[in-house]
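Undergrad: Okay, sequence plus prediction incoming.
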Amino acid sequence: MPDLFIDGSWSSGAKGLTREIRCPADGTLVATVDEATREDTERAIAAARVAADDGRWASVPASERGRLLHRLADLLERDVETIARLESLDTGKRMVESRYDVADVVSAFRWFAGLAGIDLGRVVDPGGTGTFSRVVYEPVGVCALITPWNYPLLQASWKVGPAVAAGNTFVLKPSELTPSTTIHLVRLLQEAGLPDGVANLVLGAGAEAGAPLAEHPDVDMVSFTGGLLTGRRIMAAAASTVKKVALELGGKNPNIVFADADLDAAVDNAATAVFLHSGQVCSAGARLLVEEPVHDEVVDRVVAIAEGIRLGGPFDPMAETGPLISQAHRDKVAAYVERAVADGAVLRTGGSVPDEPALATGWYYPPTVLDRCDTAMACVQDESFGPVLTVETFRTEEEAVRLGNDTIYGLAGAVWTGDSSKAHCVAAALRHGTIWINDYHPYRPAAEWGGFKQSGVGRELGHVGFAEYVEPKHIYENLQPAPSGWFGGTEPTNS
Ligand code: NAD
């Protein structure tokens with residue numbers, strides 16, 4: 001069956017291009033999928049434009065849009081094993097993690113299903129003064145939804161959920177490396193009864209299949225999750241038609257451990273913060289900031305955990321984390337560590353490709369700890385997006401905050417302390433979109449997610465993540481029309 005979905009039909013690309021999807025754990029062929037050209041993407045945009053302009057989805061009652069999202073969530077629950085398997089094959093992540101991801105996807109869709117029917121607008125002026133004035137929230141129109149490879153289905157759900165709930169039409173483009181679960185999602189949207197033309201799917205590389213989404217005048221909004229450099233490119237391309245832009249970009253997230261913290265919890269979570277999914281998490285706690293008196297103990301214990309983490313493929317029951325997404329990405333992570341050591345970081349563990357024969361066919365890289373780092377080093381400033389932890393030391397609360405904010409990013413951070421008042425002071429001072437106190441990684445669909453500074457523009461999830469997908473419109477009615485008298489010699493009325 002072909003893999004592009006345009007105007008309610010599955011088709012191959014106009015030029016018949018295809019791409020092999022291979023599992024990063026062992027290189028096995030997962031699928032050969034159709035690939036879109038620029039012309040295919042433009043065809044998808046045209047279909048979404050027509051569907052937006054004739055109102056076939058926007059005119060459906062909001063409560064029915066919510067019901068469709070609940071139906072979609074039911075279908076995702078029905079197919080959880082199939083979807084988890086596809087996600088694991090594409091990304092190399094363990095089945096258990098993919099199952100968690102599907103559960104999170106279901107929660108996201110149910111959250112937006114609940115939002116669909118509320119907050120449709122408000123009356124500003126009820127008519128007592130001779131005018132009736134209200135604000136309504138309309139769909140933005142045609143949305144371009146561009147997603148990365150690390151959480152393919154989850155990132156799609158954070159965009160498709162609000163787009164559908166608010167009555168938009170869209171063109172969805174997943175990462176060329178991990179399209180399988182997004183294809184399945186679109187099949188389920190069709191099964192759930194979404195009208196033709198509302199959801200459109202194109203696959204392929206960013207420069208060819210993705211670029212028209214940011215450039216095209218018929219796209220009203222582009223919501224992008226991915227790397228900083230791509231985000232800048234998309235923002236610049238979108239500027240030519242002044243379209244709405246929502247960007248979820250990278251992070252270089254500080255995890256701050258004070259000496260008075262529960263060190264058992266802090267150490268264990270410091271390892272999870274950075275090594276989960278082999279560090280391929282935008283909010284990974286890749287910068288560990290430790291108060292000086294407990295530096296040695298904390299680092300020794302994190303190193304011990306790192307050295308015990310078992311690498312393996314998605315279906316290996318003993319594996320605790322998987323491979324990196326590609327050879328190119330592993331090469332990038334390896335070069336980042338080499339540069340860090342050259343810059344003076346102390347390599348405590350990891351730092352070279354594992355030589356076990358069982359791991360030879362995948363893009364594995366071991367959990368790596370770099371001690372004695374400082375903010376002048378590239379390894380502290382640049383996102384590695386791999387299993388690499390840098391460690392810095394601080395002496396005072398002020399220094400912890402200063403270091404935690406010394407980054408161009410502002411996605412997430414954590415503070416560990418037994419002193420609640422100190423925790424909340426630090427949380428208030430950190431310029432990051434999510435702050436955890438005595439925890440790392442949890443998020444809630446009802447809470448906004450996104451970044452300060454160069455971690456992005458706008459928010460996903462929460463109420464604001466829904467509001468990105470609507471345009472407010474003020475409708476003002478004069479109930480007693482009369483000449484204004486502004487020109488022509490009479491005294492103007494003051495309305
Ligand atoms: P990427 O920027 O390489 O690609 C992301 C998507 O953009 C892909 O679908 C790609 O094909 C597409 N793309 C590339 N060039 C394009 C262009 N010119 N026009 C339109 N589309 C284009 O990112 P990636 O390597 O897939 O993902 C890793 C990055 O994503 C990391 O930096 C990570 O921090 C970030 N990320 C952020 C969040 C968040 O919530 N802030 C979540 C997940 C990932």
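TA: Done, it's in. Numbers count the residues shown, from 1 in each chain.
Undergrad: In the stretch 201-350 of the chain, which residue sits nearest the ligand?
TA: The nearest approach of the stretch 201-350 of the chain to the ligand comes at residue 206, 2.1 Å away (Cβ to the nearest ligand atom). C-beta here means a position set from N, CA and C on the backbone, and glycine is covered the same way.
Undergrad: is it true that that residue touches residue 174?
TA: No - if you go by Cβ atoms under 8 Å, residue 206 and residue 174 don't touch, sitting 11.0 Å apart.
Undergrad: Give me the more crowded residue out of those two.
TA: The neighbour comparison of residue 206 against residue 174 (other Cβ atoms under 10 Å) goes to residue 174, with 29 against 19.
Undergrad: Skipping adjacent residues, who's closest to the more buried one in space?
TA: residue 182 (3.9 Å; Cβ to Cβ, 6 or more residues apart in numbering).
Undergrad: and that neighbour, what does it touch?
TA: 147, 152, 153, 156, 172, 174, 201 (Cβ atoms under 8 Å, 6 or more residues apart in numbering).
Undergrad: The residues you listed: which ones sit near the ligand?
TA: When contact is defined as Cβ under 6 Å from any ligand atom, those meet the ligand at 147, 174.
Undergrad: Mind checking which of the contacts of residue 182 land in helices?
TA: 152, 153, 156 (DSSP state H).
Undergrad: now, which of those sits nearest the ligand?
TA: Distances from the ligand to the ones in helices among the contacts of residue 182, taken by Cβ to the nearest ligand atom, are shortest for residue 152, at 9.1 Å.
Undergrad: show me the contacts for that closest one.
TA: Contact analysis of residue 152 by Cβ under 8 Å, 6+ apart lists 87, 90, 91, 174, 175, 178, 179, 180, 181, 182.
Undergrad: are any of those residues buried, and which?
TA: Using 16 or more other Cβ atoms under 10 Å as the burial test, those include 87, 90, 91, 174, 175, 178, 179, 180, 181, 182 as buried.
Undergrad: With secondary structure and pLDDT added, can I get these in TSV?
TA: Listed next are the buried ones among the contacts of residue 152 as TSV, based on DSSP: H, G, I helix; E, B strand; the rest coil; pLDDT from 0 to 100:
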residue	secondary structure	pLDDT
87	helix	98
90	helix	98
91	helix	98
174	coil	98
175	coil	98
178	coil	98
179	coil	98
180	helix	98
181	helix	98
182	helix	99
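Undergrad: you'd agree residue 113 is in a strand?
TA: No - the assignment for residue 113, made by DSSP: H, G, I helix; E, B strand; the rest coil, is helix rather than a strand.
Undergrad: Tell me which residues touch the closest residue to it other than its chain neighbours, please.
TA: Distances taken as Cβ to Cβ, 6+ apart place residue 69 nearest to residue 113, at 3.6 Å, with adjacent residues excluded. For residue 69, the contacting residues are 109, 110, 112, 113, 116, 161, 164, 165, by Cβ under 8 Å, 6+ apart.
Undergrad: Closest one to residue 190 out of the residues you listed, please.
TA: Checking the contacts of residue 69 against residue 190 by Cβ to Cβ gives residue 164 as the nearest, at 12.5 Å.
Undergrad: Can I take it that the closest one is in a helix?
TA: Yes - looking at residue 164 with three-state DSSP, it is inside a helix.
Undergrad: My guess is it contacts residue 68. True?
TA: Yes - Residue 164 is in contact with residue 68 according to Cβ under 8 Å; the separation is 6.9 Å.
Undergrad: Need the residues touching each of these two.
TA: residue 194.
Undergrad: coming back round to it: roughly how far apart are the residue nearest to residue 174 and residue 229?
TA: Note on residue 182: its distance to residue 229, by Cβ to Cβ, to the nearest Å, is 23 Å.
Undergrad: And residue 90, by the same measure?
TA: Per Cβ to Cβ, residue 90 is found 23 Å from residue 229.
Undergrad: ditto for residue 321
TA: For residue 321 relative to residue 229 (Cβ to Cβ), the value is 26 Å.
Undergrad: Which of the two has more residues huddled nearby?
TA: With neighbours defined as other Cβ under 10 Å, residue 321 and residue 229 compare such that residue 321 has more, 22 against 10.
Undergrad: so the more buried one touches residue 277, yeah?
TA: Yes - using Cβ under 8 Å, residue 321 is in contact with residue 277, at 6.7 Å.
Undergrad: quick revisit: list the buried ones in the helix or strand hosting the residue nearest to residue 113?
TA: Per DSSP states H and E, residue 69 falls inside helix 62-78. Going by neighbour count (16+ other Cβ under 10 Å), the buried part of helix 62-78 is 62, 65, 66, 67, 68, 69, 70, 71, 72, 73, 75, 76.
Undergrad: residues near the closest residue to residue 368 other than its chain neighbours, how many?
TA: Closest residue in space to residue 368, ignoring its immediate chain neighbours: residue 350 at 2.9 Å, by Cβ to Cβ, 6+ apart. Residues near residue 350, counting by other Cβ under 10 Å, number 23.
Undergrad: ok, the closest residue to residue 461 other than its chain neighbours to residue 254 distance?
TA: Distance criterion Cβ to Cβ, 6+ apart; nearest residue to residue 461, sequence neighbours excluded, is residue 449 at 4.6 Å. Counting by Cβ to Cβ, the gap from residue 449 to residue 254 is 17 Å.
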